[in-house]
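Engineer: what follows is a predicted structure for the sequence shown.
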Amino acid sequence: MAVPKKKTSKGKRNQRHAHWKAKAGVAAQKAMSLGKAVLSGRAQGFVYPIAEDPEASEES
């Protein structure tokens, strides 16, 4: 089984954690932007289902 040969330094660990948290922040910002675009009707490249009439689904 592979194991690390030396202990990871605090600086390297903190750098890795900071990068992980920064990626989460960017993803949250993109999600908020996409949500605002969908709600305002400006969404260009995002496909989402449109609610159908309940009467149309009863026929099938």
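Structural biologist: Everything's here; your move. Numbering: from 1, shown residues only.
Engineer: quick one: low-confidence residue ranges for the chain.
Structural biologist: In the predicted model, the chain carries pLDDT under 70 at residues 48, 54-60.
Engineer: okay, helices next: where are they in it?
Structural biologist: With DSSP state H as the criterion, the chain has helices at 10-40, 54-58.
Engineer: format those helices as a markdown table; extra columns: distance to Pro4 and mean neighbour count.
Structural biologist: Every residue, glycine included, has its C-beta placed from N, CA and C. Supplementary listing: those in a markdown table, determined by distance: least, CB to CB, whole Å; neighbours: other CB atoms under 10 Å:
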| stretch | distance to Pro4 | mean neighbour count |
| --- | --- | --- |
| helix 10-40 | 11 | 10 |
| helix 54-58 | 57 | 7 |
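Engineer: want to throw these into TSV with distance to Val47?
Structural biologist: Formatted as TSV, the helices of the chain follow (distance: least, CB to CB, whole Å):
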stretch	distance to Val47
helix 10-40	10
helix 54-58	20
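Engineer: among those, which comes closest to Ala2?
Structural biologist: Among those, helix 10-40 comes nearest to Ala2, with 17.9 Å by CB to CB.
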